[in-house]
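**Q** Let me see the structure of the following:
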Amino acid sequence: MKPIIIVHGGAGKAYSHKTERKKGVKEAARKGYGILKNEGNAINAAVEAVKIMEDNPVFNAGLGSALGIDGEAEMDASVMTDDYIFGGVTCIKDVKNPILVAQKVMEETEHILLAGDGAVKFARKMGFKEFNPITEGRKKQLKKRSASSLYKNIDKIIEIYGGGTVGAVAIDKNGKLAAATSTGGLMYHLPGRVGDTPLIGAGTYASPYGAASATGYGEMIARFMVTKEIVECMKSEGFQHCAENFLEKIEERGCGCGVIAIRKDGVPLILKNTPVMIGAIGAFNNIKVFE
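**A** Below you'll find the predicted structure:
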């Protein structure tokens, strides 16, 4: 199997810092693809790619995460492999890389999801030091607008502040598949809000048929179990048509999203029903940015 990695840096109506985002997804794909070329496995490649984007403040994940109405950064992340092994964290605070904590949940516990203070305590036990992911830019955004005037208008919030959720899917030389996704959530979210990212089959999913990571309007992605449906499409020969039809149908129901996926035979899938979704693909010794 020829190794492939696909990364995304969020889907939406428009992007700020477009040049920086393109550089960011390209670097993430390059790092992840480097692991695959050196015979590393799919999960480590996907996690490394997501980590690179978590460390880049132009994305809404890790450093630079969106802030809730209380001014806190509550982050979500998850990972999954094609043998149905899953690990996630939700509403985690004060860590640099939630995706690494999610991987530890998958590898070191019998659980699939840790939340809030429990997730933070677990991170400390695993050796992750305290880190403040809140940037001055995010603080200024929070002060700039009245949360009460925008909170109920999700489309307006997304239009003004964009998405930026990051994710990666990979297949290694042994044909093993993995997906990883990380986000700071929705700007002005209520404390304790959980979106699609840490939920199996919503923001992240993998099975022997494929692996997928989604980005966009989290509440709607969760309602329609977007990544699970996309991977289910991969069971058929007409999977591209199946996936396209599915995204069209959920767009009619108000679900704006983008999805990256890889099928078990190494065929990549990049779909969106939003104006933009920035990302990059690493394959055949080449890194290519898309939007």
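**Q** May I see the buried residues of the lengthiest helix in the chain?
**A** What stands out as the longest helix in the chain, according to DSSP state H, is helix 18-37. Residues of helix 18-37 classed as buried: 21-22, 24-36 (neighbour count, 16 or more other Cβ atoms under 10 Å). Yep, even glycine has a C-beta here, placed from its N, CA and C like the rest.
**Q** same check, this time on stretch 252-267
**A** For stretch 252-267, the buried set under the neighbour-count rule, 16+ other Cβ under 10 Å, comprises 255-264.
**Q** Kindly report the same for stretch 5-13.
**A** Neighbour-count burial for stretch 5-13, with 16+ other Cβ under 10 Å as criterion, is recorded at 5-12.
**Q** quick one: which of the residues you listed is nearest to Gln240?
**A** Nearest to Gln240 among the buried residues of stretch 5-13: Ile6, at 14.8 Å, using Cβ to Cβ.
**Q** Parallel or antiparallel, list what pairs with whichever helix or strand the closest one is part of.
**A** Assigned by DSSP states H and E, Ile6 falls within strand 4-12. When pairing is defined by DSSP bridges, strand 4-12 lines up against strand 166-171 (antiparallel), strand 276-283 (antiparallel).
**Q** Rebuild those strands as JSON lines, extending it with mean pLDDT and distance to Met1.
**A** Formatted as JSON lines, the strands paired with strand 4-12 follow (pLDDT from 0 to 100; distance: least, Cβ to Cβ, whole Å):
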{"stretch": "strand 166-171", "mean pLDDT": "98", "distance to Met1": "6"}
{"stretch": "strand 276-283", "mean pLDDT": "96", "distance to Met1": "11"}
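**Q** so where's the chain uncertain?
**A** By pLDDT under 70, the low-scoring segments of the chain are 144-163.
**Q** In it, what residue spans correspond to strands?
**A** For the chain, the strands defined by DSSP state E occupy 4-12, 75-81, 86-92, 113-115, 166-171, 177-183, 204-207, 210-216, 257-263, 268-272, 276-283, 286-290.
**Q** Could you dump those into a markdown table with distance to Val194 added?
**A** A markdown table is the format used below for the strands of the chain (distance: least, Cβ to Cβ, whole Å):
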| stretch | distance to Val194 |
| --- | --- |
| strand 4-12 | 18 |
| strand 75-81 | 7 |
| strand 86-92 | 5 |
| strand 113-115 | 8 |
| strand 166-171 | 17 |
| strand 177-183 | 11 |
| strand 204-207 | 13 |
| strand 210-216 | 15 |
| strand 257-263 | 17 |
| strand 268-272 | 23 |
| strand 276-283 | 22 |
| strand 286-290 | 29 |
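**Q** Figure out which of those is closest to Met53.
**A** Per Cβ to Cβ, nearest to Met53 of these: strand 166-171, 3.9 Å.
**Q** From the chain's centroid, how far away is stretch 11-19?
**A** Distance, stretch centre to chain centre, for stretch 11-19: 16 Å (Cα atoms, centre = their mean, to the nearest Å).
**Q** Convert the C-alpha atoms of that stretch to PDB, please.
**A** Written as PDB, here are the backbone C-alpha positions of stretch 11-19 (Å, rounded to 0.1, in the frame of the first residue of the first chain):
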ATOM      1  CA  ALA A  11     -14.500  24.500   6.600                       C
ATOM      2  CA  GLY A  12     -16.700  27.600   6.300                       C
ATOM      3  CA  LYS A  13     -17.800  30.600   4.300                       C
ATOM      4  CA  ALA A  14     -14.400  32.400   4.400                       C
ATOM      5  CA  TYR A  15     -11.000  32.400   6.000                       C
ATOM      6  CA  SER A  16      -8.800  34.900   7.700                       C
ATOM      7  CA  HIS A  17      -5.000  34.400   7.500                       C
ATOM      8  CA  LYS A  18      -5.500  32.500   4.300                       C
ATOM      9  CA  THR A  19      -1.800  32.400   3.400                       C
END
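**Q** going forward can the numbers begin at 32, since that is how I track them
**A** Right, with 32 as the first residue, what we last looked at is stretch 42-50.
**Q** and Ser109, which of the strands paired with strand 35-43 is closest to it?
**A** Ser109 sits nearest to strand 197-202 of all these, at 9.5 Å, using Cβ to Cβ.
**Q** That closest one vs strand 241-247, what angle?
**A** For strand 197-202 against strand 241-247, the angle between stretch directions is 170 degrees (axes from the mean of the first three to the mean of the last three Cα atoms, to 10 degrees).
**Q** need the contact list for Ala237.
**A** 111-113, 115, 200, 208-210, 243, 262 (Cβ atoms under 8 Å, 6 or more residues apart in numbering).
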